[in-house]
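1. pasting a predicted model and its sequence here:
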Amino acid sequence: MTDKTFIDTNILVYLSSKDEEKKDKAIKFIYKLSNAVISTQVLGEFSNVALRKKILTSDKLIEYIKQFSNSFEVTLIKEKTIISAIEIKEKYKFSLWDSMIIASALETDCKILYSEDMHNSQIIEKKLTIVNLFKLTD
C-alpha cells in the first residue's frame, strides 16, 4: 500500500478488542501499512474509549499512544480542519466528529479512509474513498 491512508479510531480500538475476529483482522491490516496517518482526534478518541470501557490501564494506554505516534504520521486538528469539517458535515451529512476525521484525511492527501462506521465505498470530494476494513476479503 503506497498511497497515504487514514485510520479511524474504531480500527485502532479493535487492536485491543475482545472480538477476536476483528482484532485479528485489525492487527494483520495495521502491520501491512507503510504510509498511514492518524490525527490527534483519533488519539484522543482512542484514549477515551480505552479508559471509559476499561480496555486498557493508563500505563498500557500510554504505551499504545506512543506506539501509534511512532508508527503513523500524526496530524493536528487545526482551525482550518474544523472549518473544513463543518463544510463537510453540511455537504455530506456526517456527524461533526466523523467530518473532522474526513477533513484530516483530506488535508493530509490520503486516498483511503479506513473506518467501520462510515459509508463504505463513498467517495468524498472526488479524492478520498471510505473503506470498511471489515467488509474487505482477505
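-> Perfect, thanks for sending it. Numbering: from 1, shown residues only.
2. tell me where this protein has strands.
-> Secondary structure of the chain (DSSP state E): strands at 5-7, 36-39, 73-75, 112-114, 123-124, 128-131.
3. most tightly packed of those strands?
-> Mean neighbours per residue, mean count of other Cβ atoms under 10 Å, is largest over the strands of the chain for strand 5-7, with a mean of 26. Heads up, the C-betas are built off the backbone N, CA and C, glycines and all.
4. Provide the strand pairings for that strand, with the direction of each partner.
-> Using DSSP bridges, the strands paired with strand 5-7 are strand 36-39 (parallel), strand 112-114 (parallel).
5. what comes up buried for the least confident helix or strand in the chain by mean pLDDT?
-> Taking mean pLDDT, DSSP states H and E as the measure, the chain has helix 20-32 as its least confident helix or strand, at a mean of 90. By 16 or more other Cβ atoms under 10 Å, the buried positions in helix 20-32 come out as 22, 25-26, 29-30.
6. and for stretch 105-119?
-> Within stretch 105-119, the residues that count as buried by 16+ other Cβ under 10 Å are 105-108, 110-116, 118.
7. re the thing from before, which secondary structure elements does the least confident helix or strand of the chain contact?
-> Packing partners of helix 20-32 (3 or more Cβ pairs under 8 Å, 6 or more residues apart in numbering; DSSP states H and E): helix 9-13.
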